[in-house]
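Asker: mind folding the following:
(chains A and B)
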Protein chains: 2
Amino acid sequence: MADARRWFNLSSPFPMKRGGALVDAHLAYETWGELNAAKDNALLILTGLSPSAHAASNADDPTPGWWEDIVGPGKAIDTQRWFVICVNTLGSCKGSTGPADINPATGEPYRLDFPDLTLEDAANASHELVRKLGIEQLACILGNSMGGMAALAYQAQHPNSARMHISISTAPQAQPFAIAIRSLQREAIRLDPNWNNGRYDEERYPEAGMSIARKLGVITYRSAMEWVGRFARIRLDADQRKDDPFGFEFQIESYLAGHARRFVRGFDPNCYLYLSRASDWFDLAEHGGGSVSAALSRLGVERALVIGVDTDILFPLTQQQQIADGLSAAGAQVEFVALDSPQGHDAFLVDTVRFGAVIGGFLNAA
Amino acid sequence: MADARRWFNLSSPFPMKRGGALVDAHLAYETWGELNAAKDNALLILTGLSPSAHAASNADDPTPGWWEDIVGPGKAIDTQRWFVICVNTLGSCKGSTGPADINPATGEPYRLDFPDLTLEDAANASHELVRKLGIEQLACILGNSMGGMAALAYQAQHPNSARMHISISTAPQAQPFAIAIRSLQREAIRLDPNWNNGRYDEERYPEAGMSIARKLGVITYRSAMEWVGRFARIRLDADQRKDDPFGFEFQIESYLAGHARRFVRGFDPNCYLYLSRASDWFDLAEHGGGSVSAALSRLGVERALVIGVDTDILFPLTQQQQIADGLSAAGAQVEFVALDSPQGHDAFLVDTVRFGAVIGGFLNAA
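Answerer: Here you go, the predicted model:
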């Protein structure tokens, strides 16, 4: 199977924000384009909760990436100009060290023995990689969703580490609606008897809990408006229904089931729990003496593009505005774009025409 | 224990829309005020999914009702003027016949042998009661949330049955976002091994599934905006946390847990499933040859008040607007009020000052 991942060994022990340290941990990452001689054309992408480092196809792995329409030669993030790096988040299960990996101290998977994970830790791990690649300052750090929070954590801990910042559908701190959703997703997994305090295996796997968590995720990642146009009240064909008095009857239900089916075995449940909790914990104000705007004033970014979507219920537009306002007050040249994409939080993955135009325009002006 | 409920025996057999019939079924209801000699001052309240018929305190039951601030002498729904009737929905578990009751054919609880329930059936049951009380035409039929859908079903099946209609935070048909939420709530209950295909008891009770369903309900009944102001990122005191790595940490989580705790044993899970599915099935267009507006044109109402809340994500304002527009096009005198209450779908239960003023104003003008 094609694999374009490269591997980077973190310093060992790698200290974690809330205590403990990782021994012999590593990151998986992919790159596109070439780092120039001045090493000033690097663009780092930090991802949402579930994507891998495979943002786009490349020579070693020609399969389409999760942001195939955005990243590539001549595309919005033009790999003929930028040296693009995408990192699999520390704590994930797509190559970087996480709860599903072997704990070298025991020879067994970490599971719940993995230390508390924060987005600050994930950011620090990416920062180590960037420095190891010989990059003193990134041309741009870009983060989507959870990756946007990690990008803020990165810059808060390493001011002036990027000249430009692109912040997409993210938050300077987790708000209670998003915490409530994520807490309920974690609860659904933990209540599944097969979760078994994290000690599941392929035979006894918390499929039901993961399915509920994923469906709830998809419900909050899209928008009611999109679904009215897409699914309305269309029924399933009779042969798609199960012989079950409370079985699925509407297309929207089988759409959610399809999303869940593709996800439940593809993402490790303990990794999901760790990354979900890390998102709840994130509060940029911790880096600004209790103030988000104080923290934003210290990032040291020169130009910023902040994009939000008005149908996003998980990371509402007001939070994007807060980031834009804070960076602007700090003297950065800020472009704030509120898109009316109907796809909600997921619009950056779907409405790539609109997102591409805005991102390309911002980067081309550099 | 105080009990103001009255009982009404439905015609037997009572035919159900999707087939089957109920034998010896009954409704629980409460009343306030007096029916006048002309029998033209009756106001019928149809409730949301979970409330009982006890909308307000009365002589037989002085405990506060679920709409205590709205219903009473001198209040917005003035019981000195109106003869107010509130019905526990057919299929519920607060006195009216539902899946938790004994099936006279077997001597055992109906459970999943209860026939398919629709809001049309619930409406027809209420209509029988109203006729039995000697009321030819209601002065007003008022429905909140699911009760608003039932009120539309009532009038669609019995045109000209009410001179006035008050429609609150409801929908002329279930849309895919609401269907997705309710489907997931039902799935959480059905996946709980203790649900056991509806054959639970007090010892083996689907508490976990009901808890997830209720929390998801509360998340969609309120609004992100309200919670930012109310909970922000406030942590629980250390002594409120459980010794659990993924246990609750934020106030919003214990708030949801409190709501779930008060609900899971207070509402029968099978009744919940039946009423939830009935809401998904509701489509007023079925009464208008496939057109919502055609159906609305036939209700025969003279005056209508349609209230929605702009923070309601479950029954969005566009759906209230659709009801108002349809009734207006049919020649009714329509008042459409979009309130900016921060409490989302539940605002009618919480922001009673604003709702009371609008409802009182409409009724006093009659």
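Asker: list the buried residues of stretch A:119-134.
Answerer: A:119-130, A:133 (16 or more other CB atoms under 10 Å in any protein chain shown). The way it works is simple: take the backbone N, C-alpha and C, and place the C-beta from them, glycine included.
Asker: oh, I was asking about stretch A:289-305
Answerer: Of all the residues in stretch A:289-305, those buried under the rule 16+ other CB under 10 Å are A:292, A:293, A:295, A:296, A:297, A:299, A:300, A:301, A:303, A:304, A:305.
Asker: element containing the most centrally placed residue in chain A?
Answerer: Closest residue to the average C-alpha location of chain A: residue A:48 at 1.2 Å, with CA atoms, centre = their mean. Using DSSP states H and E, residue A:48 sits in no helix or strand.
Asker: just the pLDDT at the closest residue in space to it that isn't next to it in sequence, thanks.
Answerer: Sequence neighbours aside, residue A:145 is the residue nearest to residue A:48 in space, at 3.7 Å (criterion: CB to CB, 6 or more residues apart in numbering or on different chains). The predicted structure scores residue A:145 at 98 on the pLDDT scale.
Asker: wait, doesn't residue A:145 sit right on residue A:174?
Answerer: No: the pair residue A:145 / residue A:174 is not scored as a contact, 11.9 Å apart, by CB atoms under 8 Å.
Asker: let me know whether the worst-scoring helix or strand of chain A on mean pLDDT sits next to chain B.
Answerer: None of the helices or strands of chain A scores lower by mean pLDDT, DSSP states H and E than helix A:224-230, at a mean of 94. Yes: with CB under 8 Å from any CB of the partner chain as the measure, helix A:224-230 is seen reaching chain B through A:224, A:227, A:228, A:230.
Asker: got the contact list for stretch A:184-199?
Answerer: A:99, A:111-112, A:200, A:204-210, A:212-213, A:216-217, A:269-270, A:272-273, A:276-277, B:188, B:193, B:208, B:211-212, B:215-216, B:219, B:246, B:256 (CB atoms under 8 Å, 6 or more residues apart in numbering or on different chains).
Asker: buried ones in it, by neighbour count?
Answerer: In stretch A:184-199, counting by 16+ other CB under 10 Å, buried: A:184, A:185, A:186, A:187, A:188, A:189, A:190, A:191, A:192, A:194, A:195, A:198.
Asker: so the second one lies in a helix, does it not?
Answerer: Yes: in this structure, residue A:185 lies within a helix as judged by DSSP: H, G, I helix; E, B strand; the rest coil.
Asker: rewinding a little: possible to save the buried residues of stretch A:119-134 as TSV with pLDDT?
Answerer: TSV is the format used below for these (pLDDT from 0 to 100):
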residue	pLDDT
A:119	98
A:120	98
A:121	98
A:122	98
A:123	98
A:124	98
A:125	98
A:126	98
A:127	98
A:128	98
A:129	98
A:130	98
A:133	98
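Asker: looking at these, spot the one nearest residue B:7.
Answerer: Relative to residue B:7, the closest of the buried residues of stretch A:119-134 is residue A:119; by CB to CB it sits at 58.3 Å.
Asker: isn't the closest one right next to residue A:282, touching?
Answerer: Yes: Residue A:119 is within contact range of residue A:282, at 4.9 Å (criterion: CB under 8 Å).
Asker: so what sits against both of those two?
Answerer: Residues touching both residue A:119 and residue A:282 (CB under 8 Å, 6+ apart) are A:149, A:153.
Asker: and the residue in the stretch 251-366 of chain A that chain B sits nearest to, how many neighbours?
Answerer: Of all residues in the stretch 251-366 of chain A, the one sitting closest to chain B is residue A:252 (4.0 Å; CB to the nearest CB). By other CB atoms under 10 Å in any protein chain shown, the residues close to residue A:252 number 25.
Asker: for it, which three-state class applies?
Answerer: The assignment at residue A:252 comes out as helix when based on three-state DSSP.
Asker: against residue B:184, how distant is it?
Answerer: Per CB to CB, to the nearest Å, residue A:252 is found 11 Å from residue B:184.
Asker: what do you get for residue A:143?
Answerer: Separation of residue A:143 from residue B:184 (CB to CB): 29 Å.
Asker: what lies in contact with whichever helix or strand residue A:305 is part of?
Answerer: Residue A:305 is part of strand A:303-309, with elements assigned from DSSP H and E. Around strand A:303-309, the neighbours that count as contacts under CB under 8 Å, 6+ apart are A:163-169, A:315-317, A:319-321, A:323-324, A:327, A:332-341, A:343-345, A:347-348, A:355, A:358-359, A:362, A:366.
Asker: buried members of those residues into ChimeraX, please.
Answerer: To isolate the buried subset of the contacts of strand A:303-309 in ChimeraX, counting by 16+ other CB under 10 Å, use the following:
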select /A:163,164,165,166,167,168,169,315,316,317,319,320,323,324,327,332,334,335,336,337,339,341,343,344,345,347,348,355,358,359,362
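Asker: of the contacts of strand A:303-309, which ones also sit close to chain B?
Answerer: residue A:316.
Asker: narrow the contacts of strand A:303-309 to those in helices?
Answerer: When DSSP state H defines the helices, the subset of the contacts of strand A:303-309 inside them is A:317, A:319-321, A:323-324, A:327, A:347-348, A:355, A:358-359, A:362.
Asker: is it true that residue A:179 lies in a helix?
Answerer: Yes: the assignment for residue A:179 is a helix, going by three-state DSSP.
Asker: and it, what does it touch?
Answerer: Counting by CB under 8 Å, 6+ apart, residue A:179 has contacts A:280, B:233, B:250, B:252, B:253.
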